[in-house]
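**Q** sequence and computational prediction follow.
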Amino acid sequence: MKTEVLNVSKFRDGLRPGDDVPVVAPGVLYGVFDGATDPRGTIVDGIGAGRLAALTVSQAMLRLALEPGTRRLSGGEIIARLAEALKAHTAELNLPIPPSTTLAFALDCGETWRFLALGDSGIRVNGTDLIHREKIIDSISTHARVAVFKHLRARDGDADLDRIERMTRRAILLGLDNAVAEATLDTETAQTVIDTTLSAISIPELTPEITDFLRGGIQVQYHFANRTDTPLGFDTMNGDLPTRGELLEVTLPKSQVQSIEIFSDGYPDHPEGVSVAAWEAAFHGAEETDFHKIGHFATVKGSTSDEYFDDRTVVIVSHQ
């Protein structure tokens with residue numbers, strides 16, 4: 001077997017770690033845990049809240065994978081154990097936003113592989129078969145961000161696109177009401193952004209919820225975590241038990257698995273080849289094609305001269 005790992009911080013200077021945490025324990029566990037970047041920039045003992053969650057859950061999963069009998073646990077039981085570990089570590093911190101993380105991992109079970117994924121990190125088997133889920137609430141933020149970026153660029157020109165991206169991020173992270181208060185947008189433009197997003201999402205019954213979310217920004221997104229009473233809800237590892245049933249779980253005989261690729265959402269495009277080099281080529285192709293992430297690879301954040309749009313990690317296990 002051949003193993004490749006790449007973990008790149010969003011900070012281009014490489015001086016600060018990102019929120020992705022890869023795990024490689026041959027014969028036991030391969031995984032990627034992508035901590036959710038705290039929109040308020042919360043730091044705990046020098047570690048970002050998202051990275052804290054990813055480190056806590058990845059370490060808990062590795063300990064669990066080494067325990068006898070773990071491979072007989074259901075996916076739900078594994079998730080419950082991990083949620084308990086995260087809550088035990090972070091509840092006493094009493095943070096304004098509970099630290100949260102995705103998870104995607106392959107558990108080596110001797111004759112079989114067990115694949116589990118929760119959140120928007122994903123797994124690709126044999127270079128073709130995806131185990132991956134996206135969130136409606138991210139699509140909402142993306143549509144709004146693209147509208148804000150395009151408005152600011154039309155208004156201010158292309159002289160300082162880094163500044164425009166920073167203003168756009170702040171508007172989406174802290175909400176359109178805050179953007180109006182800071183005079184980044186006027187009230188009419190903020191409403192146009194909301195209307196444009198509502199039209200793109202096209203779920204009329206969610207108009208009040210989507211409107212309130214965009215006005216409050218991603219900083220209020222945690223209110224939708226692990227909620228079952230709204231389509232905007234999503235399962236995540238934040239210390240509470242995920243109950244929406246969004247855990248993806250697949251078990252395959254090893255004889256049917258030639259390669260495993262586990263990746264965070266810092267890769268906006270998936271390559272045809274199975275290698276770190278192929279994933280990096282796809283990433284840099286997307287950067288060249290849509291640097292600001294407002295076109296084909298639109299997402300919640302865009303790249304700047306100082307930062308990639310997100311941290312990126314890929315773990316690959318394949319037959320040589």
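**A** All right, it came through fine. Numbers count the residues shown, from 1 in each chain.

**Q** name the single longest helix found in this protein.
**A** Taking DSSP state H as the criterion, the chain has its longest helix at helix 136-156.

**Q** buried set for it?
**A** Neighbour-count burial for helix 136-156 flags 136-153 (criterion: 16 or more other Cβ atoms under 10 Å). From N, CA and C alone the C-beta is placed, and that goes for glycine too.

**Q** what is the orientation angle of the helix or strand following that helix with helix 136-156?
**A** Once helix 136-156 ends, the next helix or strand along the chain (criterion: DSSP states H and E) is helix 161-174. Counting by axes from the mean of the first three to the mean of the last three Cα atoms, to 10 degrees, helix 161-174 lies at 140 degrees to helix 136-156.

**Q** low-confidence bits of this protein, can you list those?
**A** Residues of the chain that meet the criterion pLDDT under 70 lie in 320.

**Q** and the helices in it?
**A** Secondary structure of the chain (DSSP H): helices at 49-65, 75-90, 136-156, 161-174, 176-181, 187-201, 207-216, 276-289.

**Q** which one of the ones you listed lies nearest to H223?
**A** Of all the helices of the chain, helix 207-216 sits nearest to H223, with 8.5 Å by Cβ to Cβ.

**Q** quick revisit: okay if I get the helices of the chain as JSON lines plus distance to P99?
**A** Formatted as JSON lines, the helices of the chain follow (distance: least, Cβ to Cβ, whole Å):
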{"stretch": "helix 49-65", "distance to P99": "4"}
{"stretch": "helix 75-90", "distance to P99": "5"}
{"stretch": "helix 136-156", "distance to P99": "18"}
{"stretch": "helix 161-174", "distance to P99": "16"}
{"stretch": "helix 176-181", "distance to P99": "22"}
{"stretch": "helix 187-201", "distance to P99": "27"}
{"stretch": "helix 207-216", "distance to P99": "19"}
{"stretch": "helix 276-289", "distance to P99": "26"}
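
**Q** that'll do, ta.
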